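Asks: got a sequence here, can you model it:
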Amino acid sequence: MDKHQHESASTGAKLTAATNAVAGERTDLDATTDKTVATLNRVNDKVTAMREARTTDPDTLGDKVFRMAFPAAVGLIGGKVFSSVWNLVVAKIHPSPDDDAQDRQQGLIMGMLFAAASAAFGTLLTDVSTKGVQKIITRLQRKRD
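Replies: Numbers count the residues shown, from 1 in each chain. Down below sits the predicted model:
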């Protein structure tokens, strides 16, 4: 083999190695592209599902605000009313400052009793108002349809 043939064979081997490297890079690129396209398709499917859920939701913005705000307002007002009634009852039970020593002894128990009763009353009011709001919204949705 002469020098020219040797260089030609060497160049051919380098060219084959370069071609194989490009083919390998192309295979890696194809795999990366496939992964990227699959990920984008999953995201697209999720967005489409969310859009369909939003468009098929029968609740209007007003319904959602009403569903959230009304029970909260009822719970807040009910809590204030309960607190006022509690204070009136406690003031009638212990009207004079002469029994402050007794009040201090019962303070922890009365505080715990108030907290438990207030929480129970607030939960009851919120639960009842939530069910009432749902009935009102259902009725409004039937009228809209």
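
Asks: drop to CA atoms for contacts and neighbour counts, all remaining ones
Replies: Noted.

Asks: what helices or strands is the helix or strand hosting V81 leaning on?
Replies: Using DSSP states H and E, V81 falls within helix 61-93. Counting contacts by 3 or more Cα pairs under 8 Å, 6 or more residues apart in numbering; DSSP states H and E, helix 61-93 is packed against helix 100-144.

Asks: which intervals of this structure have sub-threshold pLDDT?
Replies: Applying pLDDT under 70 to the chain flags the ranges 1-26, 94-106.

Asks: please parse the chain into its domains.
Replies: The chain breaks down by automatic domain parsing into domains covering 1-57, 58-144.

Asks: return the most buried member of these.
Replies: Mean neighbour count (mean count of other Cα atoms under 10 Å) peaks for domain 58-144 among those, with a mean of 14.

Asks: start and end of that one, how far apart?
Replies: By Cα to Cα, to the nearest Å, the extent of domain 58-144 from end to end equals 10 Å.

Asks: chain center to that domain, what's the gap?
Replies: How far domain 58-144 lies from its chain's middle: 25 Å, per Cα atoms, centre = their mean, to the nearest Å.
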